[in-house]
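Trainee: structure, please.
(4 chains)
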There are 4 protein chains.
Amino acid sequence: MTQISVIGSGSDHAVRAEEVGLLLAERGATVVCGGLGEVMAAAARGAKSAGGTTIGILPGESRAEANEWIDHAVATGVGHARNLAVVASGDAVIAVGGRWGTLAEIGFARVLGRYVVILEPGLEIEDVPRASTPAEAVELALAAVR
Amino acid sequence: MTQISVIGSGSDHAVRAEEVGLLLAERGATVVCGGLGEVMAAAARGAKSAGGTTIGILPGESRAEANEWIDHAVATGVGHARNLAVVASGDAVIAVGGRWGTLAEIGFARVLGRYVVILEPGLEIEDVPRASTPAEAVELALAAVR
Amino acid sequence: MTQISVIGSGSDHAVRAEEVGLLLAERGATVVCGGLGEVMAAAARGAKSAGGTTIGILPGESRAEANEWIDHAVATGVGHARNLAVVASGDAVIAVGGRWGTLAEIGFARVLGRYVVILEPGLEIEDVPRASTPAEAVELALAAVR
Amino acid sequence: MTQISVIGSGSDHAVRAEEVGLLLAERGATVVCGGLGEVMAAAARGAKSAGGTTIGILPGESRAEANEWIDHAVATGVGHARNLAVVASGDAVIAVGGRWGTLAEIGFARVLGRYVVILEPGLEIEDVPRASTPAEAVELALAAVR
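Mentor: Residues are numbered from 1 along each chain as shown, chains lettered A, B, ... in the order given. Okay, the predicted model is just below:
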């Protein structure tokens, strides 16, 4: 089954992240995220609202820190290094909002050869494609996987 | 949902690992493992034979290395350090066979306060309880979680 | 003792990286880097040419992969996740050239609150200061630490 | 230069750990440890008392948590997963006291093919050689490296 990682942060981006999660679930893709709040929670909530499946890859040592929309929680125990696991576990990556941690994830995703699309407005990074709507971001990510 | 980590290695232990996976699935627990071969594959296969759910936490950077009985694969990219994630992601841990990598996992599990039971014959580690059958190991692990 | 991380990649940047390493050593700072080739080797070589000290933080499981100018090699075994250790171990960070892995390091450095300066020409990242010469980059990094 | 990792924990073991550190330094080996307290601090203190060199590989994101006898601190940011780096960075490993975290380190050391010697009294692990004095432990570790 296709797994798409949704990364990012910022409470302003929750509506778009939720739509990304919902659309991924409708298309049959599992949503992978960092398992905590803001964009991570919104994407997982969107996926669950459409009956989808969610995986949360946490920085800490306990599953208890996962948000309530995570079906399968992995507690890595490796702190920010779990960002590598978040993008490595997706067949493609969608970035919604975000700042320094998201920059690290996009860097890792591209080191690993994963397709990354940034949902506007978002980080400005050379050579990373952008989408203007959640639907377009999901379309591009799934097209890159096929 | 309860997540139980099954750790260990050695092709001699596949039959018992498979029974552990099957029994965990029958009891409604998700099986977490390292996602590769031998005990990891057998435990996942057993879980799937009973309609259960499996999570594989891989050392490498690609989901493709997961065995075919893994439902949800996490590619951590951190090599042997993924052993920490394997045991942190379980509410309790069952060790089947195993050697040095399993020793590392048991050490980490106890650092994190996770209950560990060793299915006989297996590693000899002071202060770690033992079970003589897969059924007993599963019973002890689930009892420790409740 | 002050530790400054030098990150980046690309064989075109060796001359500038070597000068950064040399200047850091002359100023009494230990050079921390990823321990492998290109910018990492050049920075370490520069530091050693001025009698400085170098630490290489490697992705693999063996010290043998360190370049010959590394005094103290740490084999992390965690692959690309060692990028987190490289920037966490510096009091400030200088980026010379670089691409996706360097982007990940800059992201992590800023997550951790480390000062980062990019030596021109180099990556274009909003809100990260730039220096036009190795001397200026070293000056800015050391000033940020004091 | 030879690097020997000293692992373990427990305040009861400080005297022996300090002697191990001192003897390693006298023999010209750099002492690698986890950089924190108890056995880690004692080993580093012993090495410094003989004019040796010490490397501390920390679990957290800041060099500030290193004990005062650490010359070169690496902040890995990966929590307990830094145990892998501690043993991977030594050419051989000496265990003084210790409990679950030390068990994890011994497991990892043997996964990586590192020679491990346990200084008595200490953990009981099958197939891991034991030494009855700090001098013997140091001798065995250095002999294994040559």
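Trainee: chain C contacts on chain A?
Mentor: When proximity is defined as Cβ under 8 Å from any Cβ of the partner chain, chain A approaches chain C at A:78-81, A:83-84, A:100-108, A:110-112, A:124-126. Where you see a C-beta, it was placed from the backbone N, CA and C, and this is true even at glycine.
Trainee: show me which of these neighbour chain D.
Mentor: Filtering these for proximity to chain D by Cβ under 8 Å from any Cβ leaves A:78, A:79, A:80, A:81.
Trainee: from chain B, how far off is the third one?
Mentor: The gap separating residue A:80 from chain B is 12 Å, by Cβ to the nearest Cβ, to the nearest Å.
Trainee: so that residue makes contact with residue D:77?
Mentor: Yes. In this structure residue A:80 lies within contact range of residue D:77 using Cβ atoms under 8 Å: 6.0 Å.
Trainee: what do the two both touch?
Mentor: Counting by Cβ atoms under 8 Å, 6 or more residues apart in numbering or on different chains, the residues touching both residue A:80 and residue D:77 are C:84, C:108, C:112, D:61.
Trainee: and for the helix or strand harbouring residue A:105, what's in contact with it?
Mentor: Residue A:105 is part of helix A:100-111, with elements assigned from DSSP states H and E. With Cβ under 8 Å, 6+ apart as the test, helix A:100-111 has contacts from A:5, A:7-9, A:80, A:83-84, A:86-88, A:90, A:93, A:95, A:98, A:116, A:118, A:123, A:125, A:128, B:77, C:80, C:83, C:100-108, C:110-111, C:125.
Trainee: ok, so what distance separates the residue of chain A at minimum distance from chain D from residue A:109?
Mentor: In chain A, the residue that lies nearest chain D is residue A:78 (4.2 Å; Cβ to the nearest Cβ). Going from residue A:78 to residue A:109 by Cβ to Cβ, to the nearest Å gives 17 Å.
Trainee: equivalent analysis for residue A:35, please.
Mentor: 17 Å.
Trainee: tell me the secondary structure for residue A:144?
Mentor: At residue A:144 the chain is in helix, as set by DSSP: H, G, I helix; E, B strand; the rest coil.
Trainee: whoops, I mixed them up, residue A:42
Mentor: Counting by three-state DSSP, the backbone at residue A:42 sits in helix.
Trainee: quick check: it touching residue A:18?
Mentor: Yes. Counting by Cβ under 8 Å, residue A:42 does reach residue A:18; the two are 4.3 Å apart.
Trainee: list residues touching both of these two?
Mentor: Taking Cβ under 8 Å, 6+ apart as the contact rule, residue A:42 and residue A:18 touch no residue in common.
Trainee: for stretch A:6-25, buried residues please.
Mentor: For stretch A:6-25, the neighbour count (16 or more other Cβ atoms under 10 Å in any protein chain shown) marks A:6-9, A:13-14, A:16-25 as buried.
Trainee: just the residues you listed: which are in strands?
Mentor: If you go by DSSP state E, the buried residues of stretch A:6-25 have A:6, A:7, A:8, A:9 in strands.
Trainee: picking up where we left off before, got the angle between the helix holding residue A:105 and helix C:100-111?
Mentor: Per axes from the mean of the first three to the mean of the last three Cα atoms, to 10 degrees, the angle that helix A:100-111 makes with helix C:100-111 is 170 degrees.
Trainee: check which helices and strands the next helix or strand after helix A:100-111 is in contact with.
Mentor: Once helix A:100-111 ends, the next helix or strand along the chain (criterion: DSSP H and E) is strand A:115-119. When contacts are defined as 3 or more Cβ pairs under 8 Å, 6 or more residues apart in numbering or on different chains; DSSP states H and E, strand A:115-119 packs onto strand A:92-97, helix A:100-111, strand A:130-131, helix A:134-145.
Trainee: dump those into JSON lines; add mean neighbour count and mean pLDDT as well.
Mentor: What follows is the helices and strands packed on strand A:115-119, written out as JSON lines (neighbours: other Cβ atoms under 10 Å in any protein chain shown; pLDDT from 0 to 100):
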{"stretch": "strand A:92-97", "mean neighbour count": "28", "mean pLDDT": "98"}
{"stretch": "helix A:100-111", "mean neighbour count": "26", "mean pLDDT": "98"}
{"stretch": "strand A:130-131", "mean neighbour count": "18", "mean pLDDT": "98"}
{"stretch": "helix A:134-145", "mean neighbour count": "19", "mean pLDDT": "98"}
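Trainee: before we move on, which element is residue A:126 in?
Mentor: According to DSSP H and E, residue A:126 maps onto no helix or strand at all.
Trainee: ok, for it, nearest residue in space, not its chain neighbours?
Mentor: Nearest non-adjacent residue to residue A:126, counting by Cβ to Cβ, 6 or more residues apart in numbering or on different chains: residue C:124, 6.3 Å away.
Trainee: same question for residue A:33.
Mentor: Using Cβ to Cβ, 6+ apart, the nearest residue to residue A:33 is residue A:40, at 4.3 Å.
Trainee: list the contacts of residue A:21.
Mentor: Listed by Cβ under 8 Å, 6+ apart, the contact partners of residue A:21 are A:6, A:31, A:42-50, A:52, A:54.
Trainee: for it, give its distance to chain B.
Mentor: Taken as Cβ to the nearest Cβ, the span from residue A:21 to chain B is 16 Å.
Trainee: what sits closest to that residue if chain neighbours are left out?
Mentor: In space, and not counting its chain neighbours, residue A:21 is closest to residue A:46: 2.9 Å by Cβ to Cβ, 6+ apart.
Trainee: what's the local residue count around residue A:132?
Mentor: Neighbourhood size, residue A:132 [other Cβ atoms under 10 Å in any protein chain shown]: 10.
Trainee: what's near enough to touch the closest residue in space to it that isn't next to it in sequence?
Mentor: With Cβ to Cβ, 6+ apart as the criterion, residue A:132 has its nearest non-adjacent residue at 5.3 Å, and that residue is residue A:120. Shown in contact with residue A:120 (Cβ under 8 Å, 6+ apart): A:130, A:131, A:132.
Trainee: need the pLDDT of residue A:120.
Mentor: pLDDT for residue A:120: 94.
Trainee: partner residues bridging the nearest residue to residue A:114 once chain neighbours are set aside?
Mentor: Residue nearest to residue A:114 in three dimensions, not counting chain neighbours: residue A:93, with 5.4 Å by Cβ to Cβ, 6+ apart. Using DSSP bridges, the bridge partners assigned to residue A:93 are residue A:5, residue A:116.
Trainee: so residue A:93 versus chain B, what's the distance?
Mentor: Distance of residue A:93 to chain B, given as Cβ to the nearest Cβ: 13 Å.
Trainee: tell me the contacts of that residue?
Mentor: Contacts for residue A:93 (Cβ under 8 Å, 6+ apart) come out as A:4-7, A:87, A:105-106, A:109, A:114-117, A:141.
Trainee: can you check residue A:76 too?
Mentor: A:57, A:58, A:59, A:60, A:82, A:85, B:76, B:78, B:82, B:84, B:85, B:88.
Trainee: how about the residues of chain A near chain B?
Mentor: Proximity of chain A to chain B, by Cβ under 8 Å from any Cβ, involves residues A:1, A:3, A:30, A:32, A:53, A:55, A:57, A:61-63, A:71-78, A:81-82, A:84-85, A:88-89, A:91, A:108, A:112.
Trainee: switch the cut-off to 6 Å
Mentor: Residues of chain A lying close to chain B (Cβ under 6 Å from any Cβ of the partner chain) are A:55, A:61, A:72, A:74, A:75, A:76, A:77, A:84, A:85, A:88, A:89, A:112.
Trainee: export those residues to CSV and tack on secondary structure and pLDDT?
Mentor: Below are these laid out as CSV (DSSP: H, G, I helix; E, B strand; the rest coil; pLDDT from 0 to 100):
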residue, secondary structure, pLDDT
A:55, strand, 98
A:61, coil, 98
A:72, strand, 98
A:74, strand, 98
A:75, strand, 98
A:76, coil, 98
A:77, coil, 98
A:84, helix, 98
A:85, helix, 98
A:88, helix, 98
A:89, coil, 98
A:112, coil, 98
